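1. Make a model of this:
(chains A and B)
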Amino acid sequence: MKTLLSGLLMAALAMAWVGSASAGLSGKLIIFHAGSLSVPMERMERAFEAAHPGVDVLREAGGSTKMARLISEVGKPADIMASADYKVIDNNLIPKHAGWNIRFATNQLVLAYTDKSRYADEINPENWYEILQRKDVVWGHSDPNLDPCGYRSLMVLQLAERYYGVEGLYEDLLANRPERNVRPKSVELVNLLKTGNMDYAWEYLSVAVQHGLDYVKLDDHINLGNYAYDAMYEQAEVEVTGKKPGTFITKKGKSCTYGVTMTRDAANPEAAVRFLEYMLDTEGGLKILDELGQPPFVPARVPSQEAYDALPGSLQPLVEIRE
Amino acid sequence: MKPHRDRLFFSLLFLASLPLVLLVVFPLAQMLTQPGWAELWASIRDPQVVRALARSLGTALAAALLCILFGTPLAYLLARKSFPGKRAVEGIVDLPIMIPHPVIGIAVLSVAGRHHPVGRALQEIGVQVMGTYTGIVTVLTFVGLPFFVNTVKAGFEAVPTRLEKASRSLGAGMGATFMRVTLPLTWPQIVLGTIMCTARAISEFGAVVIVAYHPMTAPVLIYERFTAYGLRYSQPICFWLIAVSFLLFVGMRLVSRFQRVGA
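-> Now for the predicted structure:
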């Protein structure tokens, strides 16, 4: 009798919890995210909307810096911002527009191509830099001033010069890449590859995996994918435009680390926190990221105790403190 | 009593017209008045800005020229001749208005790539589309042509056929009649069509940015500045683009009026 009662009680509690979970959430949930997160975010959106039919997830993808500026300068409303470079959140949104920044996944740079690209049957991790110098090969990368993937592509080239020990390799490679091969976003380059306007493009591994491209996977010493090599990556430096025309700042190489935050003026914080709970769950968003070529941190990370304390309570169990 | 009622009617019309006019004026006035003189001066001395403005003007006018060359015969054909498939051709001419701009860019690029026979042929003879003026002018012509062809077609339709018949009965051939009777009478519509086509082309962003990010036209530069530096540094370029376009169009109108008075 007692077990039956407690069983009933448990069931009632569970139903109340489920009820509150779905009944309590409604309205729009606006997510800004890096272009390179489009495919996993779309899957997460579908799964989340299926679980919470009252919520309408609206996603907007773009260069991370641009999306952050849309929040900080234009005042465009967004509940969640997920950046391909977690530093973008630190630099543009914290402290005024957001209070914390969770690192949740990694990526790395690869040289993407299709089977119709020139010399596709020859290219490999040893000779790619020689092929990119051939006059009839068209290759490109995204704009270093607008897209982290852009300056990271240049960093890979610099690191390659050191790693392979070829003097002047960086300049020699860039000499074979006219300015017209630089595009605003790395994802755009995929279409250029697929239509045969371009032979090779620097992409994140995730983008190459998700778009079914062939790719050359580079050594961990130069691919910006393994934070154990951060000291090495730091030796690569790229100048990008600063806060106003004519000014520049220097970007130093570091591993590709995704960051996510919720804005302070989130219009729908309940739904935003619930979405983040799902996104940072090993069986939820993190699993999707893993399948799509964006190896997640399991669990997700914040760098300090203060950062941990600033998190919404329900996210804390999903996050560890790790520098 | 009656004049009073009329006045009421016109007051209502006036009130009802106001929202649309304000919708255009309000944000644009905000945009034009926001940058200070110092910022405007600094941006017009920025060679990148001047080059982008010149590029926008040049490519838009080149697109308009192509429309004049190939659109005028098409407009005349559509205005005067009936032939099987005419409706379809008219639909095709209107199509660029409806297609989302990025789709136009993607479509042009997919034909220009090496995976397409046309792209292969073009590349063989050394014609590059991605990231070149060829590409920019191609998409600008694409988006501008309906405005030219439809305006000029209406112009040709307004020329009474009896004038053409009279000309021919006096011994002029089809070609001479077209050049000496029809074309001069349609001149205002050709100027108007050119203005609309150029205006449409100058403002195009979505299709251009896909075909060519570099070299940058003014709208692409505005986008790049906005993305890289924020609103403050893109607004002065918007001001100059609007100012330059405005001057261009006022100038074209003046020329056309002068020409008509002269003729």
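
2. hey, where'd the helices end up in the stretch 51-200 of chain B?
-> Ranges of helices in the stretch 51-200 of chain B, per DSSP state H, counting those that start in this stretch, are B:86-98, B:101-112, B:117-124, B:133-158, B:161-169, B:174-177, B:183-203.

3. what does stretch A:206-219 contact?
-> Residues outside stretch A:206-219 that contact it (CB atoms under 8 Å, 6 or more residues apart in numbering or on different chains) are A:36, A:39-40, A:107-115, A:117, A:120, A:123-125, A:128, A:156, A:160, A:163, A:186-187, A:190, A:193-194, A:203, A:205, A:223, A:292-294. Quick note: C-beta positions are derived from backbone N, CA and C, even for glycine.

4. pLDDT value on residue B:80, please?
-> As summarised for this prediction, residue B:80 has a pLDDT of 92.

5. Contacts only, for the nearest residue to it once chain neighbours are set aside.
-> Once flanking residues are discounted, residue B:80 sits nearest to residue B:156: 6.6 Å by CB to CB, 6 or more residues apart in numbering or on different chains. Each residue near residue B:156 by CB under 8 Å, 6+ apart is listed here: B:75-76, B:79-80, B:182, B:186, B:189.

6. List buried members of those residues by neighbour count.
-> Listed as buried from the contacts of residue B:156 are B:75-76, B:79, B:182, B:186, B:189; burial here means 16 or more other CB atoms under 10 Å in any protein chain shown.

7. Tell me who's in contact with whatever residue of the stretch 1-150 of chain B ends up closest to chain A.
-> With CB to the nearest CB, the shortest gap between the stretch 1-150 of chain B and chain A falls at residue B:131, namely 2.4 Å. Neighbouring residues of residue B:131 by CB under 8 Å, 6+ apart: A:178-181, B:211-215.

8. measure the most centrally placed residue in chain B to chain A for me?
-> The centre of chain B sits closest to residue B:197, judged by CA atoms, centre = their mean, with a distance of 2.1 Å. Computed with CB to the nearest CB, to the nearest Å, the distance linking residue B:197 and chain A is 26 Å.

9. check contacts around the residue of chain A found nearest chain B.
-> Closest approach between chain A and chain B, counting by CB to the nearest CB: residue A:180, at 2.4 Å. Going by CB under 8 Å, 6+ apart, residue A:180 touches B:130-132, B:212-215.

10. could you redo the last one with a cut-off of 6 Å?
-> Residue A:180 makes contacts with B:131, B:214, as judged by CB atoms under 6 Å, 6 or more residues apart in numbering or on different chains.

11. Equivalent analysis for the one 4 residues further on, please.
-> The contact partners of residue A:184, taken as CB under 6 Å, 6+ apart, are A:143, A:146, B:213.

12. in what helix or strand does residue A:259 lie?
-> Assigned by DSSP states H and E, residue A:259 falls within strand A:256-262.

13. no, scratch that, I was asking about residue B:210
-> For residue B:210, the host element (DSSP H and E) is helix B:206-211.

14. packing partners for the next helix or strand after that helix?
-> Past helix B:206-211, further along toward the C-terminus, the next helix or strand under DSSP H and E is helix B:218-229. Using 3 or more CB pairs under 6 Å, 6 or more residues apart in numbering or on different chains; DSSP states H and E as the contact test, the elements touching helix B:218-229 are helix B:47-80, helix B:231-262.

15. count of residues packed around residue 50?
-> Just going to use chain A. 8 (other CB atoms under 10 Å in any protein chain shown).

16. my bad, the chain I had in mind was chain B
-> 14.

17. What of residue A:171?
-> 10.

18. Which parts of the stretch 1-150 of chain A are helices?
-> Using DSSP H, counting those that start in this stretch, the helices of the stretch 1-150 of chain A run over A:2-23, A:38-51, A:64-69, A:86-92, A:128-131, A:148-164.

19. So for the fourth one, what gets flagged as buried?
-> In terms of neighbour count (16+ other CB under 10 Å), helix A:86-92 has its buried residues at A:86-90, A:92.

20. Let's have those residues in CSV, adding distance to chain B and pLDDT.
-> Formatted as CSV, the buried residues of helix A:86-92 follow (distance: CB to the nearest CB, whole Å; pLDDT from 0 to 100):
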residue, distance to chain B, pLDDT
A:86, 19, 88
A:87, 16, 87
A:88, 13, 90
A:89, 17, 94
A:90, 18, 92
A:92, 10, 93
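
21. so residue A:30 makes contact with residue A:60?
-> No. Judged on CB atoms under 6 Å, residue A:30 makes no contact with residue A:60 at a distance of 7.3 Å.

22. Skipping its backbone neighbours, what lies nearest the residue sitting nearest the centre point of chain A in space?
-> Centroid-nearest residue in chain A, with CA atoms, centre = their mean: residue A:84, separated by 3.0 Å. Once flanking residues are discounted, residue A:84 sits nearest to residue A:34: 3.6 Å by CB to CB, 6+ apart.
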